[in-house]
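Enquirer: Provide a 3D model corresponding to the input given below.
(chains A and B)
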Number of protein chains: 2
Amino acid sequence: MKLRSIPSDDGFCMPAEFSPHRATVIIFPERPGSWGYGAEPAQAVFAEIIRHIAEEERVYVIVSDKTEKKAEALFGGYDNVILLNIPTDDSWARDVAPTFVTDGRDVRGIDWQFNAWGGSYDGLYAHWENDNALAEKFCGLAGYECYDAQHFVLEGGSVHSDGEGTLMVTESCLLSRGRNPQLTKEQIERNLCSYLGGKKVLWLPRGIYNDETNEHVDNVCAFIRPGEVVLAWTDDENDPQYPLSKADLDYLESVTDAKGRKIKVHKLPIPDVPVTITEHDLAGYTFEEGEDEREVGERLAASYVNFYFTNGSILLPQFGGVNKASDERAVRIMQELCPDRRIIPIDAREIIIGGGNIHCITQQIPAAGRNASRSDE
Amino acid sequence: MKLRSIPSDDGFCMPAEFSPHRATVIIFPERPGSWGYGAEPAQAVFAEIIRHIAEEERVYVIVSDKTEKKAEALFGGYDNVILLNIPTDDSWARDVAPTFVTDGRDVRGIDWQFNAWGGSYDGLYAHWENDNALAEKFCGLAGYECYDAQHFVLEGGSVHSDGEGTLMVTESCLLSRGRNPQLTKEQIERNLCSYLGGKKVLWLPRGIYNDETNEHVDNVCAFIRPGEVVLAWTDDENDPQYPLSKADLDYLESVTDAKGRKIKVHKLPIPDVPVTITEHDLAGYTFEEGEDEREVGERLAASYVNFYFTNGSILLPQFGGVNKASDERAVRIMQELCPDRRIIPIDAREIIIGGGNIHCITQQIPAAGRNASRSDE
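Expert: Residues are numbered from 1 along each chain as shown, chains lettered A, B, ... in the order given. Okay, here's the model as predicted:
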């Protein structure tokens, strides 16, 4: 039975990701058009991420009939890892798992409509029924009440919350024709605020160049604490990312948040060398009918902003090879900005070639209450 | 054609592990009595380690007919990873791959006799022909000349070099009945010095409690620079490790190295809570006839000293769970001792239950010359 009421009417709102978590949701990867070479390389990196998170909090790993046995072998020794067998179309938990809200006592999920980042207009695959059904099924199996928001198309990666009433999105995504073309910007804003408990929405103009999600906010900008963000950046005015990041910077410098604060913006440079699809990458995929295909040399939407906060650390994407110096710069910047957290660098090349990054494959379940202790309740 | 001469006569000696590497050798794991659950969890952690090392230097990954396809899937995208199909009995490259020496221009391997840590006396498995044959085969395939030292039983993990004439071993291992019982301590010392180019051997009395290698030095003590070591330690006088570490400390404080220096000893505490075999671990193994078996509750030889130097980092074992605070302490200590290196924490539980740790599964190929630059020649 889904809840038909509105979360904010019930006193529920979305905490910031940097607030304490009860758990994290991840989907074990297998889709042949996203994860090449039998998904082996991706599964190894997902396993590395799952093990890191399980050091800090419970991890729900969504598996299928096909991946369950391997996941049992990989994670059977981890009390903190719970496998749930639910069919999915791909592995982007950020976008297809519930978004969770809390009233300080209970935690509930929200079941947005998912249409593969644009439905028949510019969606990335032809069938997304399983992904759209995941949020409700997850809530049922994991024991969370679930709000029905199927009238509204939204992915979790397209919205950030600072936990103090400020939400952050991109215009390029939330106003895209493939999401909710029948709604005005004001109506979209009202939906966001009423479901997530926000008081103000910050509308960044753009995201990351070539980001096939219509430029999700979670790849370009993230709160590191209320009133403070990191923004993907390049100083190279000839880079196609420059005008996008510049537009966001100009916007952020012009606004205040729900508490009336100016936003403090920290620049987090993108990799110095574009990360692209190689011939080896391409040879590993098996695309299905109607699926968005890739090509050699295609520039991937590589950004260090697509990190994930666990209870004690930050899992930070790294791109390796020629970007070693960029990788180390990102580690240094994040460690300076978040001195109390362990920065865990993760070689994320096998995830970015699937179309997203560490933030995209995770979804946090907050602890009850924004000021809850970091230990599990 | 193996070389019958003696390395030190030819001007060859063993550089320190912290000196520049040309490459690292790793064996992809599969043995069912060492690696539970189809070796899936171990393979995922080995893959994580291989990816990290490949950021810094070439990695030779030894595969079998059974693992080759998966390894190709996992590492096909890494130019720096080279697969070599050579049959092995298990996955301890430190002990079965060649030990490499250099004269400043060339690099050559040494093929010691390997007898599974004690042969028929107290060896850990019944057949080790493949492992004993690996060093020569590796040299052949990878293009290194190879010294014949089959008259002498030695594992790479039982000896450290500071690169300036000092070697370090344990008496418990090198004087064990299962290795070279026909040789005196002085004869063993002469073999070590003539093959590795050492001038002086430091003989620590003991290693890590319950270490089934007869207490290899690489689990208890390691050079971090000439004249300076980290020593596995506990302050708990009731811990069975205490008398072993104390004996080593007393010894190290009483000696000088080949250059006449006193040894500076840094204590690196072992995990606060013993790491043991769980019921889940045990259920995953399939033991074969003659193989040393494990049992639930058995204390594993967990030590943070079993780390590995890559060209720019230290891959440091972590044991997780109740040992989170110990893990973080080890990271802190190693970062203070080696400020120029990145400390990369690796969840090594899936390796330690196989009987070793990160150092045991790696073997460095030094760059030619102790003062070579870190880039590949």
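Enquirer: I'd say A:Gly163 and A:Ser19 touch.
Expert: Yes - using C-beta atoms under 8 Å, A:Gly163 is in contact with A:Ser19, at 5.4 Å. Any C-beta I mention is one placed from the backbone N, CA and C, and that applies to glycine too.
Enquirer: neighbours of the closest residue to chain B within the stretch 101-250 of chain A, how many?
Expert: As assessed by C-beta to the nearest C-beta, chain B sits closest to A:Asn210 within the stretch 101-250 of chain A, at 20.0 Å. Neighbour count of A:Asn210, defined by other C-beta atoms under 10 Å in any protein chain shown: 14.
Enquirer: tell me the contacts of it?
Expert: If a contact means C-beta atoms under 8 Å, 6 or more residues apart in numbering or on different chains, then A:Asn210 has A:Pro240, A:Glu298, A:Arg299, A:Leu300, A:Ala301 as its contacts.
Enquirer: rerun at 10 Å
Expert: Applying C-beta atoms under 10 Å, 6 or more residues apart in numbering or on different chains to A:Asn210 gives the contacts A:Pro240, A:Gln241, A:Pro274, A:Glu298, A:Arg299, A:Leu300, A:Ala301, A:Ala302.
Enquirer: buried ones among those residues?
Expert: Neighbour counting with 16 or more other C-beta atoms under 10 Å in any protein chain shown marks A:Gln241, A:Pro274, A:Glu298, A:Leu300, A:Ala301, A:Ala302 as buried within the contacts of A:Asn210.
Enquirer: so which of the residues you listed comes closest to chain B?
Expert: Proximity of the buried ones among the contacts of A:Asn210 to chain B (C-beta to the nearest C-beta) peaks at A:Leu300, which lies at 13.2 Å.
Enquirer: residues in contact with that closest one?
Expert: A:208-212, A:271, A:274-277, A:281, A:294, A:319, A:349, A:352-357.
Enquirer: which parts of the stretch 1-150 of chain A sit against chain B?
Expert: Contact residues, the stretch 1-150 of chain A versus chain B (C-beta under 10 Å from any C-beta of the partner chain): A:36-48, A:50-52, A:54-56, A:69-80.
Enquirer: got the buried residues for stretch A:93-110?
Expert: For stretch A:93-110, using 16+ other C-beta under 10 Å, the buried residues are A:93-103, A:107-110.
Enquirer: can you get me the start-to-end distance on it?
Expert: Counting by C-alpha to C-alpha, to the nearest Å, you get 13 Å between the two ends of stretch A:93-110.
Enquirer: my read: A:Glu155 touches A:Arg179, true?
Expert: Yes - taking C-beta atoms under 10 Å as the definition, A:Glu155 is a contact partner of A:Arg179 at 8.8 Å.
Enquirer: what is in contact with these two at once?
Expert: A:Gln113, A:Asn115, A:Trp117, A:Cys173, A:Asn214.
Enquirer: in CSV, list the residues you listed along with pLDDT, secondary structure and distance to A:Lys259.
Expert: Converted to CSV, the shared contacts of A:Glu155 and A:Arg179 look like this (pLDDT from 0 to 100; DSSP: H, G, I helix; E, B strand; the rest coil; distance: C-beta to C-beta, whole Å):
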residue, pLDDT, secondary structure, distance to A:Lys259
A:Gln113, 98, strand, 31
A:Asn115, 98, coil, 34
A:Trp117, 97, coil, 32
A:Cys173, 98, helix, 25
A:Asn214, 97, coil, 29
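Enquirer: please, which helix or strand holds the closest residue to chain B within the stretch 151-300 of chain A?
Expert: Closest residue of the stretch 151-300 of chain A to chain B, C-beta to the nearest C-beta: A:His280 (4.9 Å). Element membership of A:His280 [criterion: DSSP states H and E] is helix A:279-284.
Enquirer: kind regards, and thank you for your time.
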